[in-house]
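Enquirer: Make a model of this:
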Amino acid sequence: MSSEIERRFLLDGLPPDLPAGTRLRQGYLAIDGEVTLRVRDAGGDMTLTVKGGSGLERVEVERPLDADEFEALWELSRGRRIDKVRSVVDLGPHSAEVDVYGADLEGLATVEVEFSSQDDAGGFEPPGWFGEEVTGRPEWGNAALAVHGRPPGG
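Expert: Have a look, this model is predicted:
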């Protein structure tokens, strides 16, 4: 079974020397509690992804799509979309994925770090440029952001 172990943080500002990123378009086809079905175009790399669960470790299964499949499914995600630019920052043994959101979420920036184990995740010390941790808070997940926008006070 495929899974991901990651921690997610808000950013108050961008890290120094942020590298150029890749534009991501994500649309949610279905959201049912802790299960989401999403399409993503990451600079021409198009995928269909099912995610399930919440918190630090979640199930994730991803399959490639061709352009025609993506466009057909993209139309079904109207009203449940996000647009962002993702940059990858090297943190030594880890990589941080910095997402800078556009459109209705303009001004929001988050960072995610994936880990090989829960012990690895628990031992991670975030650098000073990371903000508040929002791992496991559903209102900060991309599906919730796509549907409800930025949470109040966030």
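
Enquirer: Check which helices and strands the helix or strand hosting Val111 is in contact with.
Expert: Here Val111 sits within strand 109-115, counting by DSSP states H and E. Contact partners of strand 109-115 among helices and strands, from 3 or more Cβ pairs under 8 Å, 6 or more residues apart in numbering; DSSP states H and E: strand 3-10, strand 94-101. Yep, even glycine has a C-beta here, placed from its N, CA and C like the rest.

Enquirer: Where do the helices of this protein begin and end?
Expert: Under the criterion DSSP state H, the chain contains helices at 67-74, 118-122, 142-148.

Enquirer: Please convert the ones you listed to JSON lines, extending it with mean pLDDT and mean neighbour count.
Expert: Shown next, in JSON lines, are the helices of the chain (pLDDT from 0 to 100; neighbours: other Cβ atoms under 10 Å):
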{"stretch": "helix 67-74", "mean pLDDT": "98", "mean neighbour count": "14"}
{"stretch": "helix 118-122", "mean pLDDT": "91", "mean neighbour count": "13"}
{"stretch": "helix 142-148", "mean pLDDT": "95", "mean neighbour count": "19"}
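
Enquirer: Reformat the ones you listed as TSV; add distance to Asp12.
Expert: As requested, those are exported to TSV (distance: least, Cβ to Cβ, whole Å):
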stretch	distance to Asp12
helix 67-74	32
helix 118-122	22
helix 142-148	17
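
Enquirer: And Gly131, its phi and psi?
Expert: With angles defined as degrees, to the nearest 10, Gly131 sits at phi -100, psi -150.
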